[in-house]
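K.L.:
Fold the following, please.
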Amino acid sequence: MNKFFSFLFLFFLILSSCQQHKEVIIGGELKKWHRLTLNFEGPQTSEMDLTNPFLNYRLDVTFKNEEKEYIIPGFYAADGIAAETSSDSGNIWQVRFTPDAIGEWTYVVSFKKGNNIATAESIRSVSSSSAGFMDGQTGTFTISESDKKGIDNRAKGRLQYVDESYLKFAETEKYFIKLGVDAPENLLAYTDFDVSTNALGFQKAWEPHAKDFDESASPYLWQDTKGKNLLGAVNYLASEELNVFSFLTFNVDGDDRNIFPHLLKVPIEEYEAYASTKKNKEAWETMFHKTRFDVSKLDQWERIFEYAETKGMFLHFKTHETETDHLMDKGIFGTEGKLYYRELIARFGHHLSMNWNLGEENNQPIEEVVKAANYISKLDAYNSHLVIHTFPNKDDRYSELIGDQSPLTGASLQLRDPEFVDVHPRVLKWREKSNATGKKWALSVDEPGKANIALLPDDEDPEHNYARGRAMWGVLMAGGYGVEWYFGYASPNSDLTCQDFRSRDLFWDQNRYALHFFNNYIPFWEMEPRDDLIVSKEVAYCMAKEDSVYAIYTEANSSRIKLNLGESHKSFEIKWFDPRNGGNLQEGSITSVKATGIVELGVPPSQKDKDWVLLVSLN
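P.N.:
A predicted model of the protein is given here:
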């Protein structure tokens with residue numbers, strides 16, 4: 001009899017094991033650079049289960065293809081379709097992965113359980129045990145080439161920091177320049193997301209962009225029609241050939257207070273009533289579950305980001321602002337902060353063109369910044385561009401982060417002059433300082449201009465002369481890789497109130513012209529800022545690949561500008577580009593010149609009192 005019960009016990013143990021190791025369901029196209037989602041059946045649980053599924057379980061999957069190996073964190077996904085169902089419970093766990101090679105891939109699953117195991121440096125550093133189910137499961141899949149073309153990021157591959165001043169796409173091997181929007185920072189405070197709040201009246205419906213919705217975005221809607229207007233806004237930006245937008249992912253107690261991935265402890269109305277009084281800044285301590293997340297809301301965010309990927313967008317994740325960077329763990333990088341970043345990386349780190357920004361106007365102690373940067377750098381298997389943003393008068397904080405002092409790969413610069421005169425020199429400053437360490441930072445200016453006005457709407461500044469010349473061309477001619485435009489806190493369609501990107505429609509044309517010039521006419525990645533080669537009494541900038549090609553931006557009176565071409569006696573061709581109206585290269589009064597020291601470059605085709613770009617290239 002005892003043998004019978006022993007056999008019966010063993011039979012049920014084996015049966016249970018077979019049920020736990022159910023076959024993984026892989027969602028997505030099995031193609032290079034496409035997002036794959038591995039769906040596992042794990043323990044039945046919920047967002048508020050006594051055993052916290054976010055903190056006390058840890059899912060990691062190791063993917064291998066020949067020499068390539070990636071360890072990708074997974075996450076609790078409720079019923080696996082929470083964007084549609086708004087479910088807060090279920091037994092589905094997911095891993096999102098973007099393979100970067102064709103051929104056969106293998107995977108091995110680790111699924112462990114233990115107190116705070118999700119934030120542990122490794123599973124060996126804490127007491128843990130197998131969580132059963134998919135733990136130890138292995139499998140294979142085969143990846144074929146992508147069929148995507150054009151601006152779709154899947155046609156270009158992952159955008160990577162490659163120890164140079166510019167990021168580079170892995171598939172096309174082309175270098176990247178970004179131009180787009182830094183505002184509104186509360187882009188995700190959107191009515192169609194679950195648990196969307198309106199604490200200070202800045203909640204968005206994005207109604208002006210309903211007309212920009214394209215039917216190709218239909219697969220990214222949720223719950224039949226939700227998401228339409230924000231998807232339309234993304235499509236509008238892409239139609240203007242802009243290629244970046246940014247957004248806060250956490251602004252509790254900040255300027256807007258409506259964006260958070262965590263679960264509220266209280267009804268929405270109670271939170272809104274409390275947060276609507278600006279002097280009340282204790283919401284994080286009293287009204288949130290600090291280690292539990294809204295699965296359906298995060299799944300809905302992913303719909304927007306996934307569509308943006310198809311539109312060639314760079315996703316700028318601003319993970320904190322100055323009002324929030326001291327909230328988690330009371331400012332000491334710990335469990336709350338680590339879990340927050342793990343959830344962001346697990347759910348969104350697979351995107352091909354993006355960066356992690358540790359904080360807007362960050363003012364934390366440098367040691368805490370380095371702790372967070374090290375944690376993200378180790379957890380993010382894709383090594384996405386990692387930056388931090390500071391106050392404009394505190395940029396010397398970068399001196400403690402450049403080189404091997406931190407894993408940061410660049411800076412997100414903020415400036416403050418109303419006429420943008422500080423932009424060009426500031427980029428030059430940090431380009432020179434970071435280059436001197438032997439680790440070149442990729443630099444962008446993501447908030448140029450005076451805080452209250454910054455980039456004004458078209459109806460208040462239809463020409464945008466200083467923004468175009470001193471900010472946009474100023475950054476690009478200093479070797480920065482891009483600009484994101486801040487809208488000012490007191491402007492119409494402001495940093496917080498904007499719901500209509502068409503408010504700056506005329507200026508987006510000028511951004512497109514600059515992208516066209518850099519992407520079609522010069523090898524900018526091989527060029528260096530060389531303002532010392534030009535002689536001008538006006539605001540003017542120069543980039544050069546000496547003895548080969550020179551690009552010069554001049555703000556006005558371009559007929560007075562001169563260029564030191566050296567003494568090679570080589571013949572150079574001179575062309576002119578109109579940064580105000582775009583178009584093809586044009587000829588001025590002088591079409592060619594020999595390199596005989598400092599030479600005159602002639603008069604532009606028209607409007608010599610306006611700004612122009614000269615292209616001087618080897619004949």
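K.L.:
can you pull out the helices in the stretch 351-500 of the chain?
P.N.:
366-379, 423-436, 465-466, 474-476 (DSSP state H, counting those that start in this stretch).
K.L.:
What is the neighbour count of residue 328?
P.N.:
24 (other Cβ atoms under 10 Å). The C-beta positions use only the backbone N, C-alpha and C, and glycine is treated the same way.
K.L.:
same question, residue 394
P.N.:
So residue 394, with other Cβ under 10 Å, has 12 neighbours.
K.L.:
who's in contact with it?
P.N.:
With contact set as Cβ atoms under 8 Å, 6 or more residues apart in numbering, residue 394 has these partners: residue 363.
K.L.:
can you check residue 89 too?
P.N.:
When contacts are counted by Cβ under 8 Å, 6+ apart, residue 89 touches 44, 45, 46, 47, 49, 78, 79.
K.L.:
Okay, and the beta partners of it?
P.N.:
residue 46 (DSSP bridges).
K.L.:
part of a helix, is residue 101?
P.N.:
No. Using DSSP: H, G, I helix; E, B strand; the rest coil, the assignment for residue 101 is coil, not a helix.
K.L.:
Look up how far residue 39 lies from it.
P.N.:
Relative to residue 39, residue 101 is positioned 23 Å away (criterion: Cβ to Cβ, to the nearest Å).
K.L.:
ok, the two, which is more surrounded?
P.N.:
Neighbours were counted for residue 101 and for residue 39 using other Cβ under 10 Å; residue 39 has more, 18 against 13.
K.L.:
Name whatever forms a beta bridge with that one.
P.N.:
The partner residues for residue 39, given DSSP bridges, come to residue 25, residue 94.
K.L.:
contacting residues around it?
P.N.:
By Cβ under 8 Å, 6+ apart, residue 39 lies in contact with 24, 25, 26, 27, 77, 80, 92, 93, 94.
K.L.:
From residue 59, how far out is the last one?
P.N.:
This means residue 94. According to Cβ to Cβ, residue 94 stands 8 Å off from residue 59.
K.L.:
before we move on, what about residue 410?
P.N.:
30 Å.
K.L.:
Tell me how many other residues surround residue 432.
P.N.:
Around residue 432 there are 12 residues (other Cβ under 10 Å).
K.L.:
Give the buried residues for the host helix or strand of residue 573.
P.N.:
Assigned by DSSP states H and E, residue 573 belongs to strand 571-577. If you call a residue buried by 16 or more other Cβ atoms under 10 Å, then strand 571-577 has these buried ones: 572, 574, 575, 576, 577.
K.L.:
again with stretch 131-140
P.N.:
For stretch 131-140, by 16+ other Cβ under 10 Å, it's 131, 132, 133, 134, 135, 137.
K.L.:
Tell me the one among those nearest to residue 65.
P.N.:
residue 137 (18.1 Å; Cβ to Cβ).
K.L.:
Turn the buried residues of stretch 131-140 into a markdown table, columns for secondary structure, pLDDT and distance to residue 427.
P.N.:
Below are these laid out as a markdown table (DSSP: H, G, I helix; E, B strand; the rest coil; pLDDT from 0 to 100; distance: Cβ to Cβ, whole Å):
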| residue | secondary structure | pLDDT | distance to residue 427 |
| --- | --- | --- | --- |
| 131 | coil | 97 | 49 |
| 132 | coil | 97 | 53 |
| 133 | coil | 98 | 51 |
| 134 | coil | 98 | 48 |
| 135 | coil | 97 | 49 |
| 137 | coil | 98 | 49 |
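K.L.:
from those residues, which two are the most distant?
P.N.:
Using Cβ to Cβ, the two most remote members of the buried residues of stretch 131-140 are 131 and 137, lying 11.8 Å apart.
K.L.:
residues in contact with residue 455?
P.N.:
448, 449, 464, 467, 485, 486, 487, 488, 491, 504, 507.
K.L.:
Select only the buried ones of those in ChimeraX?
P.N.:
Buried members of these, defined by 16+ other Cβ under 10 Å, are picked up in ChimeraX with:
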select :448,449,464,467,485,486,487,488,491,504,507
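K.L.:
In terms of model confidence, name the weakest of the contacts of residue 455.
P.N.:
Across the set of the contacts of residue 455, residue 491 stands lowest in pLDDT, at 91.
K.L.:
Quick check: it vs residue 508, distance?
P.N.:
For residue 491, the distance to residue 508 - Cβ to Cβ - is 16 Å.
K.L.:
Kindly report the same for residue 151.
P.N.:
Residue 151 is 15 Å from residue 508, by Cβ to Cβ.
K.L.:
These two - which one has more neighbours?
P.N.:
Set residue 151 next to residue 508 and count neighbours by other Cβ under 10 Å: residue 508 wins out with 22 against 14.
K.L.:
Report the inter-axis angle for the host helix or strand of the more buried one versus strand 571-577.
P.N.:
If you go by DSSP H and E, residue 508 is part of helix 505-520. Per axes from the mean of the first three to the mean of the last three Cα atoms, to 10 degrees, the angle that helix 505-520 makes with strand 571-577 is 160 degrees.
K.L.:
Centre of the chain to the helix or strand that comes right after helix 505-520, how far?
P.N.:
Next helix or strand after helix 505-520 toward the C-terminus (DSSP H and E): strand 528-529. Centroid separation for strand 528-529 versus its chain: 25 Å, with Cα atoms, centre = their mean, to the nearest Å.
K.L.:
and the next helix-or-strand element following strand 528-529, what other elements does it pack with?
P.N.:
Toward the C-terminus, strand 528-529 is succeeded by strand 534-535 as the next helix or strand (DSSP H and E). Packed against strand 534-535 by the contact rule (3 or more Cβ pairs under 8 Å, 6 or more residues apart in numbering; DSSP states H and E) you find strand 540-545, strand 562-564.
K.L.:
Next, work out how far apart residue 595 and residue 549 are.
P.N.:
Residue 595 is 12 Å from residue 549, by Cβ to Cβ.
K.L.:
ok, now residue 335?
P.N.:
Taking Cβ to Cβ, one finds residue 335 at 53 Å from residue 549.
K.L.:
helix or strand for residue 237, which one?
P.N.:
Element membership for residue 237, per DSSP H and E: helix 228-239.
K.L.:
and the helix or strand following that helix, what other elements does it pack with?
P.N.:
Moving toward the C-terminus from helix 228-239, the next helix or strand (DSSP H and E) is strand 244-248. Where contact means 3+ Cβ pairs under 8 Å, 6+ apart, strand 244-248 is packed against strand 178-181, strand 314-318, strand 482-485.
K.L.:
and the longest one, what's its mean pLDDT?
P.N.:
When pLDDT is averaged along strand 314-318, the result is 98.
K.L.:
Parallel or antiparallel, list what pairs with that strand.
P.N.:
Within its sheet, strand 314-318 is paired with strand 244-248 (parallel), strand 354-357 (parallel), according to DSSP bridges.
K.L.:
Any regions of the stretch 501-619 of the chain where pLDDT drops low?
P.N.:
Scanning the stretch 501-619 of the chain for pLDDT under 70 picks out nothing.
K.L.:
And for residue 429, the neighbour number?
P.N.:
Residue 429 has 17 nearby residues by other Cβ under 10 Å.
K.L.:
Please identify the buried residues of the helix holding residue 508?
P.N.:
Residues of helix 505-520 classed as buried by neighbour count (16+ other Cβ under 10 Å): 507, 508, 510, 511, 513, 514, 515, 517, 518.
K.L.:
circling back to that earlier point, need the winner for burial among the helices and strands packed on strand 534-535.
P.N.:
Ranked by mean neighbour count, these are led by strand 540-545 with a mean of 23 (mean count of other Cβ atoms under 10 Å).
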